[in-house]
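starting from these lines, generate the structure:
(chains A, B and C)
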Amino acid sequence: MTKTSPGNFFEDFRVGQVIKHATPRTLTAGDVALYTALYGPRFAVQSSDVFAHKIGYPRAPIDDLLVFHIVFGKTVPDISLNAVANLGYAGCRFLAPVFPGDTLSAVSEVIGLKENSNRKTGIIFVRSAGFNQHGARVLEYVRWVMVRKGNEAAPAPADHVPRVPTELDPKSLGEACPPIPAHAYDFELAGGPYRFDDYTVGERIDHVDGMTIEEAEHQLATRLYQNTARIHFNQFVEAQGRFGRRLIYGGHVISVARALSFNGLANAFHIAAINGGRHVAPVFAGCTVFAWSQVVAKAELPGRDDVGGLRLRTVATKDQPCTDFPLQAGGADDPAVILDLDYWVLIPR
Amino acid sequence: MTKTSPGNFFEDFRVGQVIKHATPRTLTAGDVALYTALYGPRFAVQSSDVFAHKIGYPRAPIDDLLVFHIVFGKTVPDISLNAVANLGYAGCRFLAPVFPGDTLSAVSEVIGLKENSNRKTGIIFVRSAGFNQHGARVLEYVRWVMVRKGNEAAPAPADHVPRVPTELDPKSLGEACPPIPAHAYDFELAGGPYRFDDYTVGERIDHVDGMTIEEAEHQLATRLYQNTARIHFNQFVEAQGRFGRRLIYGGHVISVARALSFNGLANAFHIAAINGGRHVAPVFAGCTVFAWSQVVAKAELPGRDDVGGLRLRTVATKDQPCTDFPLQAGGADDPAVILDLDYWVLIPR
Amino acid sequence: MTKTSPGNFFEDFRVGQVIKHATPRTLTAGDVALYTALYGPRFAVQSSDVFAHKIGYPRAPIDDLLVFHIVFGKTVPDISLNAVANLGYAGCRFLAPVFPGDTLSAVSEVIGLKENSNRKTGIIFVRSAGFNQHGARVLEYVRWVMVRKGNEAAPAPADHVPRVPTELDPKSLGEACPPIPAHAYDFELAGGPYRFDDYTVGERIDHVDGMTIEEAEHQLATRLYQNTARIHFNQFVEAQGRFGRRLIYGGHVISVARALSFNGLANAFHIAAINGGRHVAPVFAGCTVFAWSQVVAKAELPGRDDVGGLRLRTVATKDQPCTDFPLQAGGADDPAVILDLDYWVLIPR
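As a prediction, this is how the structure comes out:
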């Protein structure tokens, strides 16, 4: 019998099953520096201990998406090693700030299962959460994935399709953001004058710049996250596959788009929640990523006059500038669109 | 109205204007490790806390050029986003050592303006400085850049061309270097026997080795510096541009040349000042960089018998070894030359 | 006279000579993060301060191979800058754990010399060791290299061929591993259920996954190790050389294979010793590395019931999955094989 883990197949999951994922991870200033080198983010809160301290953090918190990638990476060997397709995620909330020195681990609960009619695959729904070394929940999200059956003849559990939240109530946001003292946030140093009241619902922002992704970059990123999805690393196998090339981790594209969004959203320093997202088309090395955003909604947070929430739709494209806000073409997705992300950011009032 | 920053155009600047640049940055051991991975520097002072402590630093200081790149990067969004050409820099002095944990910010003052006769562009002169979290000035330099006008019909301010220093007085050097106790500096551990007295004015040193630059490398570096100059990152746009390719940040080439210069200048551990430099030709991924140096002058520093100053001219080439010290060819720049840097280093006596 | 170091030639060495290598190096969390990004290792002990602390380390130790690469890198400028071929290494023991903040330096003793009959080259044998800032020996190994003569007419010292250990006595293993309290090691969090007793001598494990190596990746790695071997960095020269391409540092391949070996050896968290290894064929960027391992021997360690030793043979291939455990073909090395490593790992009992 081999000691190699083949990953879990559809028939291996049970509703209610709790999976404690492997490889706890201490995040450090080294991870932060790599994240900066990989994406070039410029949000002052995550870049400067001094700036962060002034607004109420003990020091600069780790970028929300880096936390997401680390937690997500841990779930891959157990949840999606045999995935056919990543179908969606939702209800993602950032619940506590993470700092260098914190150690993260991840746990998932299987909350739904549905075999496909072809009996070869099924959809599994999990609620995953990341915890720090004190046991505090720092992040949670729901994800659903289409996974192969290992044995097509294996009996499948009864269908159980959970209710998946389509959006997060803004009342639930902000737990990871300390109260910011009045006048503590320096807009000049943060790189932009615009605050909560300056944004209007429906407003669209072209983030202008484009960033070309190299093979070495997305591989470094995805390994940093200890994400073991094979399609990102193995050119020998992928050369014979559907695309002929390694596929870039979808989270890498989100991080590129988030970094580009600084130009126009410089003060939207914290991702409080991700309502959902679609990886509309695959992305490969050599692509240049552009992005634009629309303010979909605004929300005051209960009891807080320091920050407000902007619900953003950020759309990323490959090899097409976003001057014209590409989204749909002829009733379908614009072929340049690669990402359509729906999330809440916090921004000073 | 868009919230995207278009950067400043020539007519937006005024002499005497002070610009507080965005995105303060806490430098960490992570940045140091990335700098090592990007260039492979081997100067013992920056590599070892123990070595640095023995010669009077509290711990290993951050490489001078990493400090320069970080401060320079902050100025780009305000000063040179609409640059047509980087014309020069001068009067660059390193004034205090920077350590992991320090937070740097940058301020520039506009010290000169001169519209070009075509009325489409103008030259701006700025004096930029980097500060640590205690408000201490760690670095300053003068830079002049040709910038586009946003509106060619806009009236230009009166010409004001400042005096730019062509060289720094060696009497002004050494503020960032602590006094080194006698016999504290271990030449064997530092990797070379040569000290101040061993170098002679006019002496030339071929640094022998060559280093090939990859796209991922210069992109990682330039993002680490939070430098937003578009020409380094956007292959989609550059494919249609003058070179058809992304251009490598000039500072990346300086750092490669400096790392190569260890072979022959192992004890020249500190860049005290940069008198000026020319980026003679553009550099692209795939180029192999070589370098040689000439000792242009030597200077004792007032009141110091621990270190002396060597004024170096370091010339870097692409795809040509420096055995014959390439510089000029047929009265013009040798076509292989990419960098001609004039700077002062400190070296133990 | 040039100040550039030409490296040592065969006739420059003497038996008994002790070389204190240059550039001491403080290892940090930044180096650890880069190592993670370069290889994606998932061993819990090195990944999590909390996990490591529970089993008796003060915090997460630095990956054994990163320690090896750092020490090895220091020896290159003195020992193998003029190498024609790396012939072998043996007797490599890890003697003390290394942690972020520790400063490593390296010393080599020449223990053997043998001129080749062509009088143009000779073999040198060195015993190298790495030390931390307290003077404790953290690593030692024997290596032999074929080095060019600088002057073919130079008289060679008398032949002296030392006895090189072919394997390490398992009784000598484990000094770098603290005693692990009973029940402190969490197998679920570590990512695999298998412990010492679950492995049988002769057992083979296909590590399944493959990893494609990019030029930027191996260059970043090798510079991080301050390894100056020219063949890894200089495409201009190598384009005209034997392979037409830059050669990947053999240690990079070892680290890739080690990271892949997690799949099947998740609890083999510590490399206690390397008996020897062969870099069977050169590896270039674009290659996809696969690996498999065989348990060659098992050993209890004197006085320890917490961990046992597995002697592993790990074989890496390029562009060939290891389903069939490739090793030999037609009486010679299988042409896909690039690495054949013989080493001892510790694993909980």
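
so, low pLDDT: which residues of chain A?
Residue ranges of chain A with pLDDT under 70: A:1.

show me where it has helices.
Remark: helices assigned in chain A by DSSP state H are A:29-39, A:44-47, A:49-54, A:64-79, A:187-190, A:215-224, A:235-238, A:250-260.

reformat these into CSV and put mean neighbour count and distance to chain C next to each item.
C-betas here are computed from N, CA, C, even on glycine. Converted to CSV, these look like this (neighbours: other C-beta atoms under 10 Å in any protein chain shown; distance: least, C-beta to the nearest C-beta, whole Å):
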stretch, mean neighbour count, distance to chain C
helix A:29-39, 26, 3
helix A:44-47, 24, 16
helix A:49-54, 21, 15
helix A:64-79, 24, 7
helix A:187-190, 17, 25
helix A:215-224, 26, 3
helix A:235-238, 20, 4
helix A:250-260, 25, 13
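
near chain B, which residues of the stretch 51-200 of chain A are found?
A:51, A:60, A:100, A:188, A:189, A:190, A:191, A:192, A:194, A:198, A:199 (C-beta under 8 Å from any C-beta of the partner chain).

closest one of the residues you listed to chain B?
Distances from chain B to these, taken as C-beta to the nearest C-beta, are shortest for residue A:191 (3.0 Å).

list the contacts of that closest one.
Applying C-beta atoms under 8 Å, 6 or more residues apart in numbering or on different chains to residue A:191 gives the contacts A:42, A:44, A:262, A:266, B:5, B:22, B:23, B:77.

out of the helices of chain A, the one nearest residue B:227 is which?
For the helices of chain A, proximity to residue B:227 was assessed by C-beta to C-beta; helix A:29-39 is nearest, at 11.4 Å.

between that closest one and helix B:215-224, how big is the angle?
Per axes from the mean of the first three to the mean of the last three C-alpha atoms, to 10 degrees, the angle that helix A:29-39 makes with helix B:215-224 is 110 degrees.

among the residues of the stretch 51-200 of chain A next to chain B, which two are most distant?
Largest pairwise distance in these, by C-beta to C-beta, is 32.4 Å, between A:100 and A:198.

more neighbours, these two?
When residue A:100 and residue A:198 are compared on other C-beta atoms under 10 Å in any protein chain shown, the one with more neighbours turns out to be residue A:100, at 20 against 12.

confirm for me that that one is in contact with residue A:27.
Yes - using C-beta atoms under 8 Å, residue A:100 makes contact with residue A:27 at a distance of 6.1 Å.

reformat the contacts of residue A:191 as a markdown table; add distance to residue C:141.
A markdown table is the format used below for those (distance: C-beta to C-beta, whole Å):
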| residue | distance to residue C:141 |
| --- | --- |
| A:42 | 45 |
| A:44 | 47 |
| A:262 | 48 |
| A:266 | 52 |
| B:5 | 55 |
| B:22 | 49 |
| B:23 | 45 |
| B:77 | 50 |
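
mind picking the two most distant members of those?
Checking the contacts of residue A:191 with C-beta to C-beta, the most distant pair is A:44 and B:5, at 14.6 Å.

shared neighbours of residue A:100 and residue A:27, anything?
Going by C-beta under 8 Å, 6+ apart, residues that sit against residue A:100 and also against residue A:27 are residue A:62.

quick one, strands of the stretch 151-300 of chain A?
Assignment of strands within the stretch 151-300 of chain A using DSSP state E, counting those that start in this stretch yields the ranges A:204-206, A:211-212, A:270-279, A:288-300.

would you mind listing the buried residues in the first one?
So the one you mean is strand A:204-206. Neighbour counts over strand A:204-206 (16 or more other C-beta atoms under 10 Å in any protein chain shown) mark A:205, A:206 as buried.

which strands or helices does it pack on?
If you count contacts as 3 or more C-beta pairs under 8 Å, 6 or more residues apart in numbering or on different chains; DSSP states H and E, strand A:204-206 packs onto strand A:288-300.

strands paired with the strand it packs on, and their directions?
The strands beside strand A:288-300 in its sheet (DSSP bridges) come out as strand A:204-206 (antiparallel), strand A:211-212 (antiparallel), strand A:307-318 (antiparallel).

export those strands to TSV and tack on distance to residue C:256?
Below are those laid out as TSV (distance: least, C-beta to C-beta, whole Å):
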stretch	distance to residue C:256
strand A:204-206	41
strand A:211-212	26
strand A:307-318	29
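
quick one: closest of the ones you listed to residue C:82.
strand A:211-212 (39.4 Å).

give me the contacts around the closest one.
A:40, A:256, A:259-260, A:286-289, B:215, B:219, B:233-236, B:246.

now do 10 Å
A:39-40, A:217, A:256-257, A:259-260, A:285-291, A:318-319, B:215-216, B:219, B:223, B:230, B:232-239, B:246 (C-beta atoms under 10 Å, 6 or more residues apart in numbering or on different chains).

how distant is that strand from the center of its chain?
19 Å (C-alpha atoms, centre = their mean, to the nearest Å).

and stretch A:9-21, what's buried?
Neighbour-count burial for stretch A:9-21 flags A:9, A:10, A:11, A:12, A:13, A:15, A:19, A:21 (criterion: 16+ other C-beta under 10 Å).
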